[in-house]
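Engineer: build me a structure from this.
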Amino acid sequence: MTHPPKSSAAPPPAGPAMPAIPSQPGSPARVGPPPVPRRTAFAEGVEQVRAAATTEPGRLRIIGAVLALLVVAFGAVTAWQASERAAAADDVLHRSQPLSSGAAGIYRSLADANTAASSGFLAGGQESADSRDRYEKDIRTAAAGLVTAATNAEPGSPSEATIAELNRLLPEYKGLIERARTYNRQGYPVGGAYLRYANEKMQKEMLPAAEDLYTKENQRLDADYGDATPYPWVAIALGVLALAALGWAQHRTYRRTNRLLNHGLVAATAATAVVLLWLVVGHAVARSGLNGSYDHGIRSLKVLHDARIASLKARGNENLSLVARGAETVTVGGQTYDAYYYDFDKDMTVLGKGLTEADGLADDRAGTEPVKAAEGNMAVWKKRHTSARTEDENGNYQQALDMVIGGKGATGECFDSVDRNLALAIDHEQAEFKQAAGDGRDAMTGLPIGAAVLAVLGAAGAVAGIGRRLSEYR
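Structural biologist: Numbers count the residues shown, from 1 in each chain. Below is the predicted model of the structure:
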């Protein structure tokens, strides 16, 4: 038997072993190169943009998209910031300032009710119907003001708690006053004790709570001013950037085509310029009006409200000094004073400073005249009060009483004149505030909608202008 001859050729060299690809259990192993990872959509998009940028049509498409995006972003931010400032200006005019004045009205009504109650008590059984009606009107006004404040208070806020506290204290105060009147008409001295207790509740609990509410409403007012007056720098910056980009695009088109104007880009530039000019000028006018309403309205109103409250407290202390007849004293610097006379002097000092400041803030004759009249009334009041106090200290109680609650020539006449003139000044400053704040708010009327519409038209113009250039490559 013969065997086939053996080949003398050497076997081929073995190459590198191919790695086995893991397989599922039970399936045969696969051998081959690993799969190439697929690129993300973002990476592919970047690659496409890079490729497009190498051709003039591709560059034009990118420029058109960027211009449209800038113009639309400018319009959107302008509409947003203008809407926020317009809403804050409207809150100043129709919400926070009326609530601030309402809180001041609550304070004034409570202080005036306390004054009217003490005046009626001094008259004894001869209390006039006017004094009684004034007290009842003040109580109703304070209660109505608390209802309004409660409606506008945020749930769970400190203002809500303050309002609830005043609503609880008001009936207690009324009950004390009615007891004081009842005992006073019957001739029992305990009526004076009830009146002093009611006054203490008013001075130490109710008026501080009302003042706290007034302070919180003023803080809300200041916050609304803070939201309404800042310049919209983000929108302005975007507008300048959009104009610069449009200008660059037109210059680039001119250099490549030697055509002076591209109608679409010119329209986009005009629309953007109109929005930017409207934004800057409108906000400048609005800011000027709102700042004027604060400087010539709110500041004066705050001072006048404080002065009017000081006059009311002074009148109440003047009356109570005759009710207590030295029963309440205070020691200051080692010296003892009648507590109500001492508080009267402090209140008159506050009133004098307030009138001086209000006179300096008044910017026209209609605002200055009632303040100066109140200053003259206060000077006469202080002289008459000094005479009445002298009579009281000398034991001439009836003469002192006549000089305080009597008719012509009494201190009550001066107090009524001060209060009336301060009310006139407050009404004038309130009208000035409304005029200036209204002008400021109206300066931004239509800006949000106008900016959005013009931005859309500007973006369309930019796209149309670039599209006109693209058509030349087809």
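
Engineer: on the pLDDT front, check the closest residue to residue 241 other than its chain neighbours for me.
Structural biologist: Nearest non-adjacent residue to residue 241, counting by CB to CB, 6 or more residues apart in numbering: residue 70, 6.3 Å away. All C-beta spots, glycine's among them, are computed from the backbone N, C-alpha and C. pLDDT for residue 70: 94.

Engineer: would you confirm that residue 70 contacts residue 240?
Structural biologist: No: using CB atoms under 8 Å, residue 70 makes no contact with residue 240, being 10.6 Å away.

Engineer: of those two, who's got more company?
Structural biologist: Neighbour totals were compared for residue 70 and residue 240, and residue 70 leads with 24 against 13 (other CB atoms under 10 Å).

Engineer: let me see the backbone angles for the more buried one.
Structural biologist: phi -60, psi -40 (degrees, to the nearest 10).

Engineer: got the contact list for it?
Structural biologist: 238, 241-242, 245 (CB atoms under 8 Å, 6 or more residues apart in numbering).

Engineer: in CSV, list those residues along with secondary structure, neighbour count and pLDDT.
Structural biologist: Formatted as CSV, these follow (DSSP: H, G, I helix; E, B strand; the rest coil; neighbours: other CB atoms under 10 Å; pLDDT from 0 to 100):
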residue, secondary structure, neighbour count, pLDDT
238, helix, 21, 95
241, helix, 14, 96
242, helix, 30, 95
245, helix, 20, 94
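
Engineer: TSV for those residues, including distance to residue 187?
Structural biologist: TSV is the format used below for those (distance: CB to CB, whole Å):
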residue	distance to residue 187
238	80
241	84
242	85
245	90
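
Engineer: closest to residue 267 out of those?
Structural biologist: Nearest to residue 267, judged by CB to CB, of the contacts of residue 70 is residue 242 at 13.5 Å.

Engineer: contacts for stretch 239-256, please.
Structural biologist: Here stretch 239-256 has contacts from 63, 66-67, 70-71, 73-74, 78, 259-262, 265-266, 268-269, 272-273, 275-276, 279, 458, 462, 465-466, 469, using CB under 8 Å, 6+ apart.

Engineer: report the buried members of these.
Structural biologist: 63, 67, 70-71, 73-74, 78, 262, 265, 268-269, 272-273, 275-276, 279, 458, 462, 465-466, 469 (16 or more other CB atoms under 10 Å).

Engineer: among those, name the ones in helices.
Structural biologist: Per DSSP state H, helices hold the following members of the buried ones among the contacts of stretch 239-256: 63, 67, 70-71, 73-74, 78, 265, 268-269, 272-273, 275-276, 279, 458, 462, 465-466, 469.

Engineer: now find how far off-centre stretch 263-271 is within its chain.
Structural biologist: Mean-position distance between stretch 263-271 and its chain equals 39 Å (CA atoms, centre = their mean, to the nearest Å).

Engineer: just stretch 117-130 next, same as before
Structural biologist: Worked out by CA atoms, centre = their mean, stretch 117-130 lies 42 Å from the chain centre.

Engineer: any chance you could list what contacts it?
Structural biologist: For stretch 117-130, the external contacting residues (CB under 8 Å, 6+ apart) are 131-132, 135, 177, 180-181, 184-185, 191-192, 195, 198-199, 315-316, 319-320, 322-323, 401, 404-405, 412.

Engineer: pull the contacting residues for the residue nearest the centre of the chain.
Structural biologist: In the chain, the residue lying closest to the centroid (CA atoms, centre = their mean) is residue 224, at 2.0 Å. Taking CB under 8 Å, 6+ apart, we find residue 224 in contact with 88-89, 91-92, 95-96.

Engineer: what's the answer for residue 367, then?
Structural biologist: 300, 425, 428-429, 432.

Engineer: follow-up on the earlier one: ok, and the most crowded of the contacts of residue 224?
Structural biologist: Of all the contacts of residue 224, the highest neighbour tally under other CB under 10 Å goes to residue 92, namely 29 neighbours.

Engineer: now that residue: closest residue in space that isn't a chain neighbour?
Structural biologist: For residue 92, ignoring the flanking residues on the chain, the nearest one in space by CB to CB, 6+ apart is residue 224 at 4.7 Å.

Engineer: can you dump the C-alpha atoms of the helix or strand that neighbour falls within in PDB for me?
Structural biologist: Using DSSP states H and E, residue 224 sits in helix 207-228. In PDB, the C-alpha atoms belonging to helix 207-228 read as follows (Å, rounded to 0.1, in the frame of the first residue of the first chain):
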ATOM      1  CA  LEU A 207     -52.800 102.000  68.500                       C
ATOM      2  CA  PRO A 208     -49.500 100.100  68.500                       C
ATOM      3  CA  ALA A 209     -51.200  97.300  66.600                       C
ATOM      4  CA  ALA A 210     -52.700  99.800  64.100                       C
ATOM      5  CA  GLU A 211     -49.300 101.400  63.700                       C
ATOM      6  CA  ASP A 212     -47.700  98.000  63.000                       C
ATOM      7  CA  LEU A 213     -50.300  97.400  60.300                       C
ATOM      8  CA  TYR A 214     -49.600 100.800  58.800                       C
ATOM      9  CA  THR A 215     -45.800 100.000  58.800                       C
ATOM     10  CA  LYS A 216     -46.400  96.700  57.100                       C
ATOM     11  CA  GLU A 217     -48.600  98.200  54.400                       C
ATOM     12  CA  ASN A 218     -45.900 100.900  53.800                       C
ATOM     13  CA  GLN A 219     -43.400  98.100  53.400                       C
ATOM     14  CA  ARG A 220     -45.600  96.500  50.800                       C
ATOM     15  CA  LEU A 221     -45.900  99.900  49.000                       C
ATOM     16  CA  ASP A 222     -42.100 100.300  49.000                       C
ATOM     17  CA  ALA A 223     -41.700  96.800  47.600                       C
ATOM     18  CA  ASP A 224     -44.100  97.600  44.700                       C
ATOM     19  CA  TYR A 225     -42.200 100.700  43.900                       C
ATOM     20  CA  GLY A 226     -39.000  98.600  44.000                       C
ATOM     21  CA  ASP A 227     -40.500  96.300  41.400                       C
ATOM     22  CA  ALA A 228     -41.900  99.000  39.200                       C
END
